[in-house]
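**Student:** Structure here, sequence nowhere to be found:
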């Protein structure tokens, strides 16, 4: 595959430095995909897990920069790296540590609002309960909030395919006459109930998600889990259109009432559905580097449909997906977008504002730091920092009209 990547990341570029200084959000960030590489090395040594301890070797297995140019790139191939990270996140101390470090890293690049998502069932191999797992992550985020100017939230993920892990393996042993698909559906229902019960006592919990391989695992199969979550006042965001067609997005927003879409990369292939998403103001959590690493249809950043979504007035927010595997952060993602689509700083500010607008409806609990009232206050503070109204006035009328 020909190398057509249009730019290098120049951290000395004044534009990069300006983006770094801006307040930002990261609404699509996987905990098990965002460990520090040094932490991975330390956890392997501490836990005695049988993985390479050589930093260079680990880097080659975990960081997917080369996948952008690979002819056989895919989401399935990309996800293999998570076998290493999740195996190291099976204790409360490890979970609390990586959550704290992720929030710290985000705060250090001026992310003011961070949503961390993960699937508790993937961390049950050593007997932890889902409540112990989620509570450990919440403690790590809370510690970071005490030290840094950042607000965080947790999105609980169910998996849309059978995952070999402690809780599902034990489930199949207990139910010998079931199969992987039925076990996954049952675990999704249990995960949704877990999200609802945790949200009542820990207001870091602000969403329920369905993650994993889309192909042959339709979201409509998990309709009961989404009903459980929405009945318990936990908002829905769903991975959709990342590695499958727009029908996956259709199921997410129409059948399962998703308030946001993770990725939505293939939405552009269905103009009617794209119009529906525009009219309903359903935000798209765009992760451009991750999409270049998993989608064989894209050979350069300019191929990504983000510009089409912007031109059609969709609410798009720029996210990292997996900071380790995609070797990225929010500043880098916004810089890539600016360079690939020739956007100036005012346009970047408008994209940033979409992130804060998209976060407004995440938590229905009025006393939460993530509640609508609290998030409106945060958005107002950020808009003042962004000089948001001036940014709107400085873009040309044709472009400005897409965001009104």
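**Tutor:** Okay, I see it. What you are looking at is a predicted structure, and each value in this text was computed from that prediction instead of being measured.
**Student:** Spell out the secondary structure type for the residue lying farthest from the centre of the chain.
**Tutor:** Relative to the centre of the chain, the most outlying C-alpha is that of residue 177, 35.1 Å out, by CA atoms, centre = their mean. Classification of residue 177 using DSSP: H, G, I helix; E, B strand; the rest coil returns coil.
**Student:** Checking the residue lying closest to residue 205 once chain neighbours are set aside next. Helix, strand or coil?
**Tutor:** Leaving aside its sequence neighbours, residue 205 sits nearest to residue 199 (CB to CB, 6 or more residues apart in numbering; 4.0 Å). Where you see a C-beta, it was placed from the backbone N, CA and C, and this is true even at glycine. Here residue 199 is recorded as helix under three-state DSSP.
**Student:** buried ones in stretch 349-369?
**Tutor:** 349-365, 368-369 (16 or more other CB atoms under 10 Å).
**Student:** do stretch 34-45 as well
**Tutor:** Neighbour-count burial for stretch 34-45, counted by 16+ other CB under 10 Å, picks out 34, 35, 36, 39, 40, 41, 43, 44.
**Student:** I'd like the average pLDDT over that stretch.
**Tutor:** Across stretch 34-45, the average pLDDT comes to 95.
**Student:** quick one: which of the buried residues of stretch 34-45 is nearest to residue 141?
**Tutor:** Nearest to residue 141 out of the buried residues of stretch 34-45 is residue 34 (CB to CB; 12.4 Å).
**Student:** what's around the closest residue to the closest one other than its chain neighbours, how many residues?
**Tutor:** Spatial nearest neighbour of residue 34, excluding adjacent residues (CB to CB, 6+ apart): residue 323 at 3.9 Å. Counted with other CB atoms under 10 Å, residues neighbouring residue 323 total 22.
**Student:** correct me, but residue 323 touches residue 103?
**Tutor:** No. Contact criterion CB atoms under 8 Å: residue 323 and residue 103 do not qualify, at 11.6 Å.
**Student:** From residue 183, how far out is the residue farthest from the centre of the chain?
**Tutor:** Going from residue 177 to residue 183 by CB to CB, to the nearest Å gives 11 Å.
**Student:** cool, and residue 90?
**Tutor:** Distance, residue 90 to residue 183, using CB to CB: 20 Å.
**Student:** Strands of the stretch 301-404 of the chain, start to end?
**Tutor:** In the stretch 301-404 of the chain, the strands defined using DSSP state E, counting those that start in this stretch lie at 316-318.
**Student:** what about the helices in it?
**Tutor:** Here the stretch 301-404 of the chain has its helices, by DSSP state H, counting those that start in this stretch, at 306-311, 330-340, 345-358, 372-386, 388-394, 397-400.
**Student:** what's the answer for the stretch 101-250 of the chain, then?
**Tutor:** Under DSSP H, counting those that start in this stretch, the stretch 101-250 of the chain gives helices at 130-147, 166-174, 180-201, 223-231, 246-250.
**Student:** Thanks a lot, catch you later.
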